[in-house]
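# got a sequence here, can you model it:
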Amino acid sequence: MPNDTAAFGPESPGDEGALHDLRVLVIGRGAGSDGVADALGRDDDLRVEQTRTPAAALDHLREESRVDCVVAPRSMLPEAVGKFVRDVRAASPETPVVLADWDGGGYLAQRVHRRVAERRALSHRDGFRQAVEHAGHVIMITARDGTIEYVNPAFEETTGYESAEVVGRRPSVLKSGIHDDEFYADLWGTILDGNVWEGRLLNERKSGELYPVEQTIAPIERNSGRVERFVAVNRDVSRELKRKAQLKRSRKKYRSLIDLAPDPIVVADAETGEIAEVNRATTELTGRSESDLVGADQTELHPSDERERYRRLFDDHVEADELAKREFPDGSSIEVVDADGGTTPVEVTGRTIEIDGQTLFQRIFRDVSHRKAHEAELRRQNERLESFAHTVAHDLRNPLNVVQGQLELARETGETQFFETAEQATNRMERLIEEVLELAEQGQTVLETEFVALGDLSDDAWELVDAPEATLEVEATPRLLADEGRLCELLENLFANAIEHAGPDATVRVGALSDGFYVADDGPGIPADRRDRVFESGYTTSDRGTGFGLAIVDQIVTAHGWEVSVTEGIDGGARFEVTGVERPD
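Predicted coordinates for the structure are as follows:
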């Protein structure tokens, strides 16, 4: 390679500086060799040892870890000098050999120092060259004026130029034309002042292709401090920048996707739990800004008095890498707390992801408050159904026992009067079954609401009640927002209840309240200690009642979002008040 090898190290051994504590091996015993050893020993920087023969010296070199120089009187090797030197290099490649005559100890000591320095400088240059030749980065050495003296193989591979094409030229061969004169003036001013310049450039390959590099240019100075050369090391960062651009695009796409997600998404460091990213749905759920959440610990999303519990939940979720966590092991809900202290039950889906070499854990929070409410309602309905089934079974059993008993008496006596009693019992069973079916089929359904006249609807409901001797008095006819069919059914059941308890000649009044209406009768009323139970399924104080009429009333009221209560009327009878009803403005 036609490069100036002087660029790889000091111009002369003197540049290495003083050498100290050198170990010198002198060959031979006798007046001449002893004199050489004594002369060298006067130099404070030399440590002298002696062997009798060249063979013993070679053995010593093979056994000792360090000998800096071998001194052999020329008289001992009159014909085998070349072979001995080769044997020394084989035994200790870094150890030089000085062939000496008795020509003065001071001069000989200088020769030893010089030979050791030369050998070390050569070894240094060889090691430096090997390192540069095999370096993965581009390395270029220039003279002070910028003339290229050396480029390594990585330069040839990266730029497309052969070494012979650029040595002797200036680095401007790589200029892309992107950077202005001010840029290069700053660069040269920095390095000529003896400082290191670091920065990013856009260079041009031999093919004309532009490529970015991160470059460091350092001055090489003499002992005097004068800058003699420059060494430039640059790294092609085109792949790295391309990868970063791809990562940026991927991250932007990922960010867009999670922001479009309807469910809250929280990305946190898998090890520390520190929140790295949240989407818009998370800020809406928590009522906190993105800047407030990012950097916080993931436990801050949850109730403050249970942080440690949620920390363990997060760690367990990461370790197991489970798809979903619906609740704690004890069955309690996982909750997210908002800025006002309110909580929302959630189901958490999680998975481990890698972004920019960082292991993160992505969790998706799904609001399950509606599902929880639905589950709670199902549980309540099941409880009501169980109670309802027991009540129905009980209420059906009584008239069934009557039928069985009366039929048995009719068989024994032959009297037909017992059939009449049995028929009455079967009629009661039929009414009971019809009301049970109505209660089960309609439940709490409200199909469509509109403003209806209470007076007109009261008249319609009264016609459905078999009470020719009773009287209906409608004192007011406000318009109410209701499902017309269900409200008619409510009034029918209240009227039937009044006739059942107040008698066939009862007077029933319908009147208006500020936010609803009432239905009252002139019967015996309901004792205060029983008023809380009258809306329970199956509860009745009448032998003829089924106990489901007022339960139906309660369900219709609940379905509309109203409230119903029972109190005493002005005539001492029962008064049912329905409130919370919307009326026209």
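
# report pLDDT for residue 103.
As predicted, residue 103 sits at a pLDDT of 51.

# do the same with residue 272
pLDDT at residue 272 comes out at 91.

# and if you look at the one 3 residues further on?
Per-residue pLDDT puts residue 275 at 92.

# run through the residues that contact the nearest residue in space to it that is not next to it in sequence.
Spatial nearest neighbour of residue 275, chain neighbours left out: residue 268 (4.9 Å); criterion: Cβ to Cβ, 6 or more residues apart in numbering. Heads up, the C-betas are built off the backbone N, CA and C, glycines and all. Neighbouring residues of residue 268 by Cβ atoms under 8 Å, 6 or more residues apart in numbering: 274, 275, 276, 298, 314, 360, 361, 363.

# try it again at 7 Å.
274, 275, 276, 298, 360, 361 (Cβ atoms under 7 Å, 6 or more residues apart in numbering).

# out of these, list just those in helices.
Per DSSP state H, helices hold no members of the contacts of residue 268.

# now, of the residues you listed, which are buried?
For these, a neighbour count by 16 or more other Cβ atoms under 10 Å gives the buried set as 275, 276, 298, 360, 361.

# can you give me the buried ones in the helix or strand where residue 364 lies?
Applying DSSP states H and E as the criterion places residue 364 in strand 358-367. Within strand 358-367, the residues scored as buried using 16+ other Cβ under 10 Å are 360, 361, 362, 363, 364, 365, 367.

# for stretch 150-159, same thing?
150, 151, 152, 154, 155, 156, 158, 159.

# who's in contact with the residue nearest to the spatial centre of the chain?
The geometric centre of the chain, computed from its C-alpha atoms, lies nearest to residue 267 (Cα atoms, centre = their mean), at 2.2 Å. By Cβ under 7 Å, 6+ apart, the contact set of residue 267 is 276, 277, 360, 362.

# grab the nearest non-local neighbour of it.
residue 277 (4.1 Å).

# and the gap between that neighbour and residue 290?
With distances taken as Cβ to Cβ, to the nearest Å, residue 277 is found 8 Å from residue 290.

# more neighbours: which of these two?
residue 277 (19 against 13; other Cβ atoms under 10 Å).

# quick one: low-confidence parts of the stretch 151-300 of the chain?
223, 250 (pLDDT under 70).

# if you go through it in chain order, where are the helices?
Secondary structure of the stretch 151-300 of the chain (DSSP state H, counting those that start in this stretch): helices at 153-159, 163-166, 181-192, 238-260, 280-286, 290-293.

# buried residues of the last one, list them for me.
In other words, helix 290-293. Applying 16+ other Cβ under 10 Å to helix 290-293 flags residue 293 as buried.

# again with stretch 264-273
264, 265, 266, 267, 268, 269, 270, 273.

# helices of the stretch 401-550 of the chain, start to end?
Using DSSP H, counting those that start in this stretch, the helices of the stretch 401-550 of the chain run over 417-442, 454-462, 484-502, 549-560.

# what's the mean pLDDT across the longest one?
Spelled out, that is helix 417-442. Mean predicted confidence for helix 417-442 is 70.

# next one: the shortest one
Taken as a whole, helix 454-462 has an average pLDDT of 91.

# please apply the same query to stretch 22-37.
pLDDT averaged over stretch 22-37 gives 81.

# same question, stretch 119-131
66.

# if we can go back for a sec, may I see the contacts of residue 267 arranged in TSV, with distance to residue 513 as well?
Below are the contacts of residue 267 laid out as TSV (distance: Cβ to Cβ, whole Å):
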residue	distance to residue 513
276	58
277	55
360	60
362	55
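
# now, among those, which is nearest to residue 528?
Comparing the contacts of residue 267 against residue 528 with Cβ to Cβ places residue 362 closest, at 59.8 Å.

# pretty sure residue 66 sits in a helix.
No. Counting by DSSP: H, G, I helix; E, B strand; the rest coil, residue 66 is located in no helix; its state is coil.

# for residue 527, the count of nearby residues, please.
Neighbour count of residue 527, defined by other Cβ under 10 Å: 9.

# and the pLDDT for it?
80.

# just checking, residue 579 touches residue 513?
Yes. With contacts counted by Cβ atoms under 7 Å, residue 579 reaches residue 513, the gap being 6.3 Å.

# so which of the buried residues of stretch 264-273 belong to strands?
265, 266, 267, 268, 269 (DSSP state E).

# the first one pairs with what?
Think residue 265. Counting by DSSP bridges, residue 265 is bridged to residue 364.

# if you count neighbours, what's buried in stretch 177-190?
Quick answer for stretch 177-190 (16+ other Cβ under 10 Å): 187, 190.

# ditto for stretch 67-81
Buried residues in stretch 67-81 (16+ other Cβ under 10 Å): 67, 68, 69, 70, 71, 72, 73, 76, 77.

# of all those, which comes closest to residue 146?
residue 68 (39.5 Å).

# ok, that closest one to residue 94 distance?
9 Å.

# please apply the same query to residue 378.
Distance, residue 378 to residue 94, by Cβ to Cβ: 88 Å.

# with residue 201 instead?
On the measure of Cβ to Cβ, residue 201 and residue 94 end up 40 Å apart.

# what do you get for residue 61?
Using Cβ to Cβ, residue 61 is found at 11 Å from residue 94.

# compare these two (neighbour count), which wins?
Neighbour totals were compared for residue 61 and residue 94, and residue 61 leads with 20 against 13 (other Cβ under 10 Å).

# ok, that one touching residue 55?
No. Residue 61 is beyond contact range of residue 55, at 10.8 Å (criterion: Cβ under 7 Å).

# and the protein, what are its domains?
In terms of domains, the chain is parsed into 5-132, 135-236, 244-367, 373-442, 450-579 (source: automatic domain parsing).

# Serialize the ones you listed to CSV and add fields for distance to residue 585.
As requested, the domains of the chain are exported to CSV (distance: least, Cβ to Cβ, whole Å):
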stretch, distance to residue 585
domain 5-132, 91
domain 135-236, 72
domain 244-367, 32
domain 373-442, 30
domain 450-579, 11
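
# quick check: which of these is buried the most?
For these, the stretch with the most neighbours on average is domain 450-579, a mean of 18; neighbours defined as mean count of other Cβ atoms under 10 Å.

# beta partners for residue 452?
Beta bridges link residue 452 to residue 480, judged by DSSP bridges.

# could you measure from it over to residue 491?
Taken as Cβ to Cβ, the span from residue 452 to residue 491 is 11 Å.

# residue 140 too?
Taking Cβ to Cβ, one finds residue 140 at 101 Å from residue 491.

# kindly report the same for residue 171.
Taking Cβ to Cβ, one finds residue 171 at 100 Å from residue 491.

# repeat that for residue 465.
Remark: distance between residue 465 and residue 491 (Cβ to Cβ) = 9 Å.

# next: residue 523.
Taking Cβ to Cβ, one finds residue 523 at 17 Å from residue 491.

# thinking again about what came up before, okay if I get the helices of the stretch 151-300 of the chain as TSV plus distance to residue 110?
Formatted as TSV, those follow (distance: least, Cβ to Cβ, whole Å):
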stretch	distance to residue 110
helix 153-159	40
helix 163-166	39
helix 181-192	37
helix 238-260	53
helix 280-286	80
helix 290-293	73
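
# to residue 309, which of those helices lies closest?
Comparison of these against residue 309 by Cβ to Cβ identifies helix 280-286 as nearest, at 18.6 Å.
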